[in-house]
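Participant: Predicted model and sequence below, questions to follow.
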Amino acid sequence: MSEIIDELETICFGDQRVDERAKKIIQDMFKGVGNGFSTSFGGDAELKAAYRFFDNNLVKHNEILKPHYEMTLERIKQQKIVVLPQDTTDVDMGHMEIVNGLGVLNDTQRSGCSLHPVVAFTPDKLCLGVVDANFIIRDPEGLGKKASNNTRPIEEKESFRWIEGYNVACKIAEQCPDTLCISTGDRESDIYELLLEATDVDKPGRKAELLVRAWHDRSISLPPSEREKELLHENQQLANEIKRVAAINDKIRHQKNSSDKRKVNSALILKLKSQIKRNKELLKKEVSEVNKFKNQLQLSPIIGIVEFVLPAGRGRKSRLIKQNIRVATLTLDPSEHKKNLRKITINAVLMEEIDPPEGEEAVSWMFLTTLPIATIEEIQFIIKIYLSRWGIELFFKVLKSGCKIEELRFQEASRLLGCITVYMIVAWRVLYATFIGRACPELPCSLLFEIDEWQSVYAVVMKRRPPETPPPLEEFIKMIATLGGYRGRKSDGPPGMKTVWIGLQAMHKLAEGWQAYRAFGQGK
């Protein structure tokens, strides 16, 4: 499959031999998906050459991704809508005693780092490529010793990665003016500064739209309720009475026999102040209960009902979901320690499941978004975009289960990060091969696969001579998955990633045998 090499076509480390070695290595690593790094190469010499490549000072992980970014950008330009989910996963290297320069996982002494990529997908979950990757390296000496998050600027926090990821999406929106670019994130991305960035109308340049799942039940700006008005009016009257009584005490201070009168007035003042304090507590409770994001959404009318199939994940089976939809445009207040930031006006959506199955937790979502929310069709579009965000979870699964990045045994962080970066491109290719048949079922498979690849697979799976015309992509991807254990029963659905990547391994071996037979077989 030539496309995996094409992803590094413009690679430039400053040494042509290193550039060519990079292309050879990514091809071998792709062919070895599922087997691990050390068994991906043709022998000890090739394996040692791969280790030397990643040990080369010219090989920087951010340089590896550049040519793939350029290719991904071209794929994005061909789409009307592109979803750019960002997420974080830990890379646990606890099996290594030490990886120099890598640091540790958060709150642990295990060697590791966090990976925060931005990956491009179509709304139908076709993976277009990796557009950004941020490795978070934590100093073990610094864990738990930093100043409170509430007092540090956002640029010094790990959460700043979400704003950086959104800015990458905005950069792509600038470079792809005919494509609607939507940055998405799960609950961890519900950060006030990110919402601030996405709603900053004064910032120049084309912005990506934003869709995040809400985590915090934020305070919102609302006109005072009747109860608030009553309490505020009563406190004003009490304050005026305190002033009046205090003035009387001042007036009679030097009069004879005024001591008892002043004591009575002082006691009254204390009583009035106590009542003001109680009213303030009631007022605070009133505001905290009413002026909340979720409460205000729940007070909004139901605008309709939507149904969709929720994919399986995190111990949950796939099932049909039916939800009530409520929407509102709200003005969010900054928290107490961010009072210097402006208020944010943004669209909000509340989706609450109707009659979940017995024993199942109701699926309820809250979203904050810059996308329009006026119609059911627009809400259905938001659901589709959010569901496509789960493509990045599949990306992580390929990285960890297929590419086995947590089994790598590099002793230097620079080598490890370079290898993981190559594997990110490999993971894209696996996802692309898995979903391209669903997105473009009628295209001939020869657009993605070499003649030796598709003919050898066809002959083995179909047990007959390959046709002159290449089979359609959807049909051929199923043939590949069959080599990986896919049975193709009606209840099975389309092939999954694991059967595809196992099938791809088998395909490479079949293609090599097929090519050798054509070159040397039949008495040649």
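Facilitator: Looks like it came in fine.

Participant: buried set for the helix or strand that contains Met71?
Facilitator: If you go by DSSP states H and E, Met71 is part of helix 61-77. For helix 61-77, the neighbour count (16 or more other C-beta atoms under 10 Å) marks His61, Glu63, Ile64, Leu65, Pro67, His68, Tyr69, Met71, Thr72, Leu73, Arg75, Ile76 as buried. For the C-beta atoms, the positions are set from N, CA and C on the backbone; glycine is no exception.

Participant: just stretch 131-139 next, same as before
Facilitator: Val131, Asp132, Ala133, Asn134, Phe135, Ile136, Arg138.

Participant: And the helices in the stretch 251-400 of the chain, which stretches?
Facilitator: For the stretch 251-400 of the chain, helices defined by DSSP state H, counting those that start in this stretch occupy the ranges 259-290, 293-299, 376-388, 391-397.

Participant: Export the strand ranked longest in the chain to PDB, keeping only CA atoms.
Facilitator: If you go by DSSP state E, the chain has its longest strand at strand 319-332. Provided in PDB are the C-alpha atoms of strand 319-332 (Å, rounded to 0.1, in the frame of the first residue of the first chain):
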ATOM      1  CA  ARG A 319     -28.400   0.700  22.300                       C
ATOM      2  CA  LEU A 320     -31.100   3.000  20.900                       C
ATOM      3  CA  ILE A 321     -31.500   6.300  22.800                       C
ATOM      4  CA  LYS A 322     -34.500   8.600  22.900                       C
ATOM      5  CA  GLN A 323     -34.000  12.000  24.400                       C
ATOM      6  CA  ASN A 324     -36.000  15.200  25.100                       C
ATOM      7  CA  ILE A 325     -34.300  18.300  23.800                       C
ATOM      8  CA  ARG A 326     -34.200  21.700  25.600                       C
ATOM      9  CA  VAL A 327     -32.100  24.600  24.300                       C
ATOM     10  CA  ALA A 328     -31.200  28.200  25.400                       C
ATOM     11  CA  THR A 329     -28.800  30.900  24.700                       C
ATOM     12  CA  LEU A 330     -27.200  31.800  28.100                       C
ATOM     13  CA  THR A 331     -24.700  34.300  29.500                       C
ATOM     14  CA  LEU A 332     -22.200  32.600  31.700                       C
END
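
Participant: Compute the inter-axis angle for it and helix 376-388.
Facilitator: Inter-element angle recorded for strand 319-332 and helix 376-388: 110 degrees (by axes from the mean of the first three to the mean of the last three C-alpha atoms, to 10 degrees).

Participant: now strand 319-332, how far from the chain's geometric center?
Facilitator: Distance, stretch centre to chain centre, for strand 319-332: 20 Å (C-alpha atoms, centre = their mean, to the nearest Å).

Participant: let's have the chain start at 26 instead
Facilitator: All set: I'll call the first residue 26, so the last point we hit is now strand 344-357.

Participant: Mind giving me the packing neighbours of that strand?
Facilitator: helix 318-324, strand 327-335, strand 369-378, helix 401-413 (3 or more C-beta pairs under 8 Å, 6 or more residues apart in numbering; DSSP states H and E).

Participant: Could I get these in a markdown table, plus columns for mean neighbour count and mean pLDDT?
Facilitator: What follows is the helices and strands packed on strand 344-357, written out as a markdown table (neighbours: other C-beta atoms under 10 Å; pLDDT from 0 to 100):
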| stretch | mean neighbour count | mean pLDDT |
| --- | --- | --- |
| helix 318-324 | 16 | 83 |
| strand 327-335 | 13 | 87 |
| strand 369-378 | 20 | 93 |
| helix 401-413 | 18 | 92 |
